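[1] only geometry, no sequence info:
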């Protein structure tokens, strides 16, 4: 595997996205790679979007992806508002914020981000791609556990944000091949009050219900 380049760390990129998100206005646009018009998110809570994916107790936001990229969907718990949808090809595909549980002391709200990275040529297997993704974070993990998401290898990690913006980040990433390319899709949640009961329930719903389909579009 080639040596890791030294870009701005993924943790810093995510942190910058949070700052942008906090300053952005709300948005209610739901789009997919197959359509350019706005449409309502998939509201089904009775079945997973594809075989091997987990059930979601909340409506799913279908994210913008190209036809040559895997499909992605993120659960939207009550109170969470999409603030920004990234265009196909952009690393960050969704930024979502829970303004109802804003920390007035830290002046921040719980945030969720979804991202998609193309690691073709940087990783030969899904496991190598996940390792590459975590190395880009350039941080120490509080916890790390492997898993399976929609039938593909995944990993979930937690780590502390920078000292100037305290809080705990939990990220779940899944890797797989699509169209002879190696992708890593991820969703992360972060809060300055990481042990708040409502946030913990919402975090679990978002991470557990995150759906990525590599074998064709759903």
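    Perfect, thanks for sending it. In this text, all values refer to a predicted model and were calculated from it rather than measured experimentally.
[2] tell me the SS of the closest residue to residue 201 other than its chain neighbours?
    Excluding its sequence neighbours, the residue lying closest to residue 201 (CB to CB, 6 or more residues apart in numbering) is residue 77, at 7.6 Å. For every residue, glycine as well, the C-beta is placed using N, CA and C. What DSSP: H, G, I helix; E, B strand; the rest coil gives for residue 77 is coil.
[3] what does residue 166 give?
    coil.
[4] before we move on, what about residue 56?
    Going by three-state DSSP: residue 56 is coil.
[5] count of residues packed around it?
    If you count neighbours by other CB atoms under 10 Å, residue 56 ends up with 25.
[6] shift numbering so it begins at 59
    Yes, from this point I'll number from 59; that puts the last item at residue 114.
[7] isn't it right up against residue 264?
    No: using CB atoms under 8 Å, residue 114 makes no contact with residue 264, being 9.2 Å away.
[8] what is in contact with the two at once?
    Taking CB atoms under 8 Å, 6 or more residues apart in numbering as the criterion, residue 114 and residue 264 both touch residue 133.
[9] going by residue numbers, what spans are helices in this protein?
    Using DSSP state H, the helices of the chain run over 68-81, 184-195, 255-267.
[10] show me what the second one is packed against.
    Going back to what we said before, that points to helix 184-195. In terms of contacts (3 or more CB pairs under 8 Å, 6 or more residues apart in numbering; DSSP states H and E), helix 184-195 is packed against helix 68-81, strand 210-218, strand 226-236, strand 239-249.
[11] mean pLDDT lowest where, among these?
    When these are compared on average pLDDT, helix 68-81 comes out lowest at a mean of 45.
[12] where does the chain have low pLDDT?
    Counting by pLDDT under 70, the ranges of the chain that qualify are 59-108, 162-164, 221-223, 274-276.
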